[in-house]
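**Student:** please work out how this folds:
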Amino acid sequence: MDFSMTKHDDDNNATWTKIVVSKTDYRNIMWTDLLKIAEDNWKWVQTQPFPNTAQGSCLVAALFLPSISGGVIFLSTIPRGSKHTEMMNGDRAAPAWFGATTGGTGHNTGLKLHAEDGAEFLFETSRHARGIVRNSQYITPDRNNEHSRMQLAVWGRHRNSPLQGESIALCTVGEKQPKCPAVARTLNIAYCEQYKVRFEEENR
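**Tutor:** Next comes the predicted model:
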């Protein structure tokens, strides 16, 4: 399987993104499977020049859109360079994400964005968002699976993570406001938590 991603900018400003379209009917995905997709693409990014931020972080977020016509996964690393600039001017391109992330108070060009933001922005600016973004939320209109939501998981490493990477919880500390879990809840996205992974592993 090809885990290569599209590169935006060069050297230490690079951001990588990717959209994966499934050809099968799959309306749900296991958290462990979504993490594995993020992990495989993270491993590929690690082979590229300058994959880490100045703080030594490299993360890949995977956002899953369920669909009876084939699920779609949106992947992104931490937005840097021109991708960061594009997103910070994205109030019209991705109004739901922009409002949830910035409060809709204007262009805060100094806001530190996370990989989760990159995946959400990638989704909302894609053709797959048509009919899904409603009332500033992501609502999947699947009559056969009405309780399903988009799912978000992150794999990678911070400075203190193991070299092989790990499942990364959405940020709850640091300067970013609002935090990524709050943004996900505002957008109606379910996000990976360790207890959900443990439950799947214990009930395979």
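**Student:** can you give me the helices in this protein?
**Tutor:** In the chain, the helices defined using DSSP state H lie at 31-46, 81-88, 95-102, 115-124, 180-187, 194-202.
**Student:** save those helices as TSV, and put in distance to residue 2 too.
**Tutor:** Quick note: C-beta positions are derived from backbone N, CA and C, even for glycine. Formatted as TSV, the helices of the chain follow (distance: least, CB to CB, whole Å):
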stretch	distance to residue 2
helix 31-46	9
helix 81-88	21
helix 95-102	27
helix 115-124	18
helix 180-187	28
helix 194-202	26
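**Student:** please identify the deepest-packed of these.
**Tutor:** The highest average neighbour count among the helices of the chain, using mean count of other CB atoms under 10 Å, belongs to helix 115-124 at a mean of 28.
**Student:** wait, which of the helices of the chain is closest to residue 134?
**Tutor:** Counting by CB to CB, residue 134 lies closest to helix 95-102 out of the helices of the chain; the figure is 8.7 Å.
**Student:** packing partners of the lowest-mean-pLDDT helix or strand in the chain?
**Tutor:** Lowest mean confidence among the helices and strands of the chain (mean pLDDT, DSSP states H and E): helix 194-202, at a mean of 89. Applying 3 or more CB pairs under 8 Å, 6 or more residues apart in numbering; DSSP states H and E, one finds that helix 194-202 contacts helix 31-46.
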